[in-house]
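> sequence plus the predicted model coming up.
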Amino acid sequence: MINRENRRQTFYMYLFISPWILGFLVFALYPILSSLYFSFTDYDIIHPPKFIGLANYTEMFHNELFWKSVVVTLRYTFIGVPIQLVLGLGFALLLHQTIPLRGFFRTAMYFPSMVSGVAMSLLWYWIFNPQIGLFNYILSWFGIHGPAWLMNPDTALYALIIMTFWTAGSGMILFLAGLQGVPASLIEAANLDGAGRFRIFVNITLPMISPVLLFQLIMGLIDSFQVFTQAFVMTQGGPNYSTWFYVYNLYTSAFKEYRAGYSSALAWVLLIVVMLCTALIMKLSNRYVHYEGGGRK
Amino acid sequence: MSTVRALSHRPKDTRRRRKMEPIKILSFITLVVTTFLMLLPLFFMVSTSLKSKREMLKFPPSFLPESWQWSNYTEIFDTLQFGTLYKNSLIIAGFSVVGTLISSALVAYGFARFRGKGNQIWFIMLLSTMMLPYPAIMIPQFVLFSKMNWIDTFFPLIVPAFFGSAYNIFLLRQFFSTLPEELFDAGRIDGCGEIRMWATIALPLSKPALATVAIFAFIYNWNDLLTPVLYLSSSDKFTLPVGMSSLTSSRFRIPPWHLLMVASVLAMVPIVTLFAVAQKQFVEGIVLTGIK
């Protein structure tokens, strides 16, 4: 009987998940493996790939544009992601209180996140315009003469980082959901014990929402490694390669210079870096992340 | 608990509660300032979209247009085949949403309801694909689709959605796991098959979660730039983001800012409509499924 029930469960599980397994094999596993193979070849997509061993990888390490893209992407990530997380959590904490107009604030903060992509890039392209844009106009209220943001190699990347402030609302929504899962009884108990706001935040709230924080850290990192739209629409990687993001470099190599082999090598390096970062964060966070019921879900 | 309630019933406390605490006043002010900063770009987006070609080049930018140029909104349809772009984007996003909903709901149900052999292993595989960067697989996918002669068609942008997407499967699985077993027992006694239980019990109970997935899928596909840039080459097949990104290109000596803003406003319309219609279910869905 137990055996038959097991077999029934297995049968139905595979029946239901078969679309994904099929999709996984065709659209993920097969591409990953062929990408690995392509990365050892000279390949222009039209003619058959020619095996050249590690040449693509060695070239990469001597390629100035590759290093440029690594530095740009890492800078963007290490400055942008923490700011995004702090802002998202900060807004969520503000809006988790009972406060007048809470519903309005929540919607207003989330609103810009719906504009993401090209529309957002076009809008900020105008905002950062040195002659007529909004940004320098607001700075002028405070007597600051703003730079030519996107046309200046020293400021272009920072302009794109400033722009991410605008989408902190998407993180806020997830943090709000997390905050709602913190049992009120725990906070009340701590309150009775005389714990202040800060103590409660550090010792109760933060551990309770740490899975959300971890999730957003990993996803934020992965997204940040893959910035493309802003570079494509606003700066074309310039000026002077100051916004030459990794994936923009990868896209250019493959689809502008028709070097799909070299580009596949870039793709595999990205894949390995993402996997390493994720594994590292998971390992480091094991001690700090709290899962309900003690076990890991 | 009773102590807490008893304490808060003391008259001294009620008086204090009527006044807003300083920290809340501070929070309120912070919120007003940040919300103002967040909405300002949106306000200027709409306002600039209604300005004349001459007025858009003025500095400082005027808050409201001197003369309201509603004709900007028709001009963009004449000069940039905006109608075609819109239609293409709607077709692609629409089919992708349908595909994502059906496939993700099926797969999520399979993971949530059946403890078959290999459940854990496949689920870990699923989670790990969430971390798979698209650029890592885009070249072989491009080769695959070009071998199928799908370049410059909508198929590469729609078909993969019918095989489930990891993030949405994960979200729905979390939701399906919370449905009480008794419901399905009752269904089984009534002689329901598994597929019918999925369609008649699980799906109707999951409307908030499904609405959330639908909105996520729509926003994602509506805004996506990289995939359509790769696969679509003739301009009558372009999606909205592809057509719009050409607006900043060097063929204009001075970018037509007013038209860029018209395009941005129009690109937002479906998303805002969707959000307005489904907001309640959407927020509920995010709270219910939670990210754990």
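Sure, I can see it.
> right, and residue A:151 touches residue A:239 too?
Yes. With contact taken as CB atoms under 8 Å, residue A:151 and residue A:239 are classed as touching, separated by 5.8 Å. Using the backbone N, CA and C atoms, a C-beta is placed for each residue, glycine as well.
> how close does residue A:282 get to residue A:265?
From residue A:282 over to residue A:265 the distance is 26 Å, taken as CB to CB, to the nearest Å.
> which one of these two has more residues nearby?
residue A:265 (27 against 13; other CB atoms under 10 Å in any protein chain shown).
> confirm that the more buried one sits in a helix.
Yes. Under DSSP: H, G, I helix; E, B strand; the rest coil, residue A:265 falls within a helix.
> list the contacts for it?
Contact partners of residue A:265, counting by CB atoms under 8 Å, 6 or more residues apart in numbering or on different chains, are A:39-40, A:56-57, A:60.
> switch to 7 Å and redo it
Under the criterion of CB atoms under 7 Å, 6 or more residues apart in numbering or on different chains, the contact list for residue A:265 reads A:39, A:56-57, A:60.
> repeat that for residue B:99.
If you count contacts by CB under 7 Å, 6+ apart, then residue B:99 has B:158, B:161-162 around it.
> any idea which helix or strand carries it?
helix B:82-113 (DSSP states H and E).
> for whichever helix or strand comes after that helix, what is the distance to the chain centroid?
Sequence order places helix B:119-130 as the next helix or strand after helix B:82-113, per DSSP H and E. Counting by CA atoms, centre = their mean, to the nearest Å, helix B:119-130 is centred 23 Å from the centre of its parent chain.
> ok, and the nearest residue to residue A:77 once chain neighbours are set aside, which helix or strand is that part of?
Distances taken as CB to CB, 6 or more residues apart in numbering or on different chains place residue A:224 nearest to residue A:77, at 4.2 Å, with adjacent residues excluded. Using DSSP H and E, the element containing residue A:224 is helix A:206-225.
> list of residues touching that helix?
Under CB under 7 Å, 6+ apart, the answer for helix A:206-225 is A:73, A:76-77, A:80-81, A:84-85, A:171, A:174-175, A:178-179, A:182, A:246, A:270, A:274, A:277-278, A:281, A:285, A:288-291, B:131, B:133, B:291-292.
> if any of the contacts of residue A:265 are buried, put those into a PyMOL selection.
Buried subset of the contacts of residue A:265, written as a PyMOL selection, criterion 16 or more other CB atoms under 10 Å in any protein chain shown:
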select buried, chain A and resi 39+56+60
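> between the contacts of residue A:265, which is nearest residue B:204?
residue A:39 (47.6 Å; CB to CB).
> quick one: that closest one and residue A:264 touch, right?
Yes. Assessed by CB atoms under 7 Å, residue A:39 is found in contact with residue A:264 at 4.0 Å.
> how close does residue B:125 sit to residue A:24?
Using CB to CB, residue B:125 is found at 7 Å from residue A:24.
> tell me which of the two has more neighbours.
residue A:24 (19 against 16).
> and that one, what pLDDT?
At residue A:24, the model reports a pLDDT of 94.
> quick check: buried residues in the helix holding residue A:224?
Those would be A:208-222, A:224-225, for helix A:206-225 by 16+ other CB under 10 Å.
> what mean pLDDT does the helix or strand following that helix have?
Using DSSP H and E, the helix or strand that follows helix A:206-225 towards the C-terminus is helix A:229-230. Per-residue pLDDT over helix A:229-230 has a mean of 90.
> can you check which helix is longest in chain A?
helix A:64-96 (DSSP state H).
> name the helices or strands packed onto the helix or strand just after it?
Moving toward the C-terminus from helix A:64-96, the next helix or strand (DSSP H and E) is helix A:102-110. Contact analysis of helix A:102-110 by 3 or more CB pairs under 7 Å, 6 or more residues apart in numbering or on different chains; DSSP states H and E lists helix A:64-96, helix A:168-180, helix B:22-49 as its packing neighbours.
> pick the most buried one from those helices.
Most buried of the helices and strands packed on helix A:102-110, by mean neighbour count (mean count of other CB atoms under 10 Å in any protein chain shown): helix A:168-180, with a mean of 21.
> so how far is that one from its chain's centroid?
Distance, centroid of helix A:168-180 to centroid of chain: 15 Å (CA atoms, centre = their mean).
> so what touches that helix?
With CB under 7 Å, 6+ apart, helix A:168-180 has contacts from A:84-85, A:87-89, A:91-92, A:95-96, A:109-113, A:209, A:212, A:216, B:286-287, B:290-291.
> show me what from the stretch 51-200 of chain A comes close to chain B.
When proximity is defined by CB under 7 Å from any CB of the partner chain, the stretch 51-200 of chain A lies next to chain B at A:94, A:97, A:99-100, A:105, A:108-109, A:111-112, A:114-119, A:122-123, A:125-127, A:131-132, A:134, A:137, A:166, A:173-174, A:177-178, A:180-181, A:188.
> from the residues you listed, list the buried ones, please.
Applying 16+ other CB under 10 Å to these flags A:94, A:105, A:108-109, A:111-112, A:114-119, A:122-123, A:125-127, A:132, A:134, A:137, A:166, A:173-174, A:177-178 as buried.
> what helix or strand does residue B:172 sit in?
Assigned by DSSP H and E, residue B:172 falls in helix B:166-176.
> what angle separates that helix from helix A:206-225?
160 degrees (axes from the mean of the first three to the mean of the last three CA atoms, to 10 degrees).
> next secondary structure element downstream of helix B:166-176?
Counting by DSSP H and E, what follows helix B:166-176 is helix B:181-189.
> buried residues of the helix or strand just after that next one, list them for me.
Scanning forward in sequence from helix B:181-189 by DSSP H and E, the next helix or strand is helix B:194-197. Of the residues in helix B:194-197, B:194, B:197 count as buried by neighbour count, 16+ other CB under 10 Å.
> swap in stretch B:101-119?
B:101, B:103-114, B:116, B:119.
> go on, stretch A:224-243?
Quick answer for stretch A:224-243 (16+ other CB under 10 Å): A:224-235, A:237, A:239, A:241-243.
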